[in-house]
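A.B. asks: Attaching a predicted model along with its sequence, questions to come.
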Amino acid sequence: MTPSVAPSDASLDPKFRQYLRTLFEEQIVFNRLLGLKMLDAGPDWFSCSMDMRADLIGNFLHDRLHGGVISAVLDVIAGMACIAALGNRHSDKPIEQRMAHFDKLGTIDLRVDYLRPAVSERFEAKARVTRLGSRLANTQMEFFSDSGQLLATGSAAYIIS
């Protein structure tokens, strides 16, 4: 299966990639709470993984990841894809100066389609920026089981200025 949120072949500055990893895994407390780990990032995309944990399932569903967790993960990685794209747009500047472009990033629209129950030991999610304007960014996201089965898709719009 070929994911529709395919990463581009272009590369991202290794120092900026490490900045994204530190931001995503260590500085954002919510991501630490969920146990999110960055897999990779590119100039307009971001991917992560997470392990299933008992505290992330719905009370009555026993073994399924809660839909709110899926939605939150898709929102977070789409925002990170926007940060990657903004950082790449301003790649001629030092990382500290690029950070000024992230201050006003915020979700303005989010849609998630749940395709099947999220039953897996591990999950992966991917997001790609489909349009990066001067004020808005549009994204597409996908959420997979450890066997590669597509569990949910999403699209979102973000204010970036």
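C.D. replies: Yes, it's here.
A.B. asks: In this protein, which helix is the longest?
C.D. replies: Criterion DSSP state H: the longest helix present in the chain is helix 67-89.
A.B. asks: list the buried ones in that one?
C.D. replies: Within helix 67-89, the residues that qualify as buried by neighbour count (16 or more other Cβ atoms under 10 Å) are 69-88. The way it works is simple: take the backbone N, C-alpha and C, and place the C-beta from them, glycine included.
A.B. asks: Please tell me how far residue 161 sits from residue 48.
C.D. replies: Counting by Cβ to Cβ, to the nearest Å, the separation of residue 161 from residue 48 is 25 Å.
A.B. asks: Between those two, which has more neighbouring residues?
C.D. replies: Remark: of residue 161 and residue 48, residue 48 carries more neighbours, 23 against 12, as counted by other Cβ atoms under 10 Å.
A.B. asks: Helix or strand: which one has the more buried one?
C.D. replies: Of the helices and strands defined by DSSP states H and E, residue 48 is found in strand 45-51.
A.B. asks: buried ones in that strand?
C.D. replies: For strand 45-51, the neighbour count (16+ other Cβ under 10 Å) marks 45, 46, 47, 48, 49, 50 as buried.
A.B. asks: mean confidence score for it?
C.D. replies: Here strand 45-51 scores 97 as its mean pLDDT.
A.B. asks: Can you name every helix or strand that it contacts?
C.D. replies: The criterion is 3 or more Cβ pairs under 8 Å, 6 or more residues apart in numbering; DSSP states H and E, and the helices and strands that strand 45-51 contacts are strand 37-42, helix 67-89, strand 122-132.
A.B. asks: Try it again at 10 Å.
C.D. replies: When contacts are defined as 3 or more Cβ pairs under 10 Å, 6 or more residues apart in numbering; DSSP states H and E, strand 45-51 packs onto helix 29-34, strand 37-42, helix 67-89, strand 122-132, strand 136-145.
A.B. asks: which one of those lies closest to residue 12?
C.D. replies: Nearest to residue 12 among the helices and strands packed on strand 45-51 is strand 37-42; the distance by Cβ to Cβ comes to 5.3 Å.
A.B. asks: who does that closest one pair up with?
C.D. replies: Strands flanking strand 37-42 in the sheet, each with its direction: strand 45-51 (antiparallel) (DSSP bridges).
A.B. asks: how about the CA coordinates for the strand it pairs with, as CSV?
C.D. replies: Extracted C-alpha coordinates of strand 45-51, given in CSV (Å, rounded to 0.1, in the frame of the first residue of the first chain):
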residue,chain,number,x,y,z
TRP,A,45,6.1,16.5,5.9
PHE,A,46,6.4,14.9,9.4
SER,A,47,6.0,11.3,10.7
CYS,A,48,5.8,9.8,14.1
SER,A,49,5.1,6.7,16.0
MET,A,50,3.5,5.7,19.3
ASP,A,51,3.0,2.6,21.3
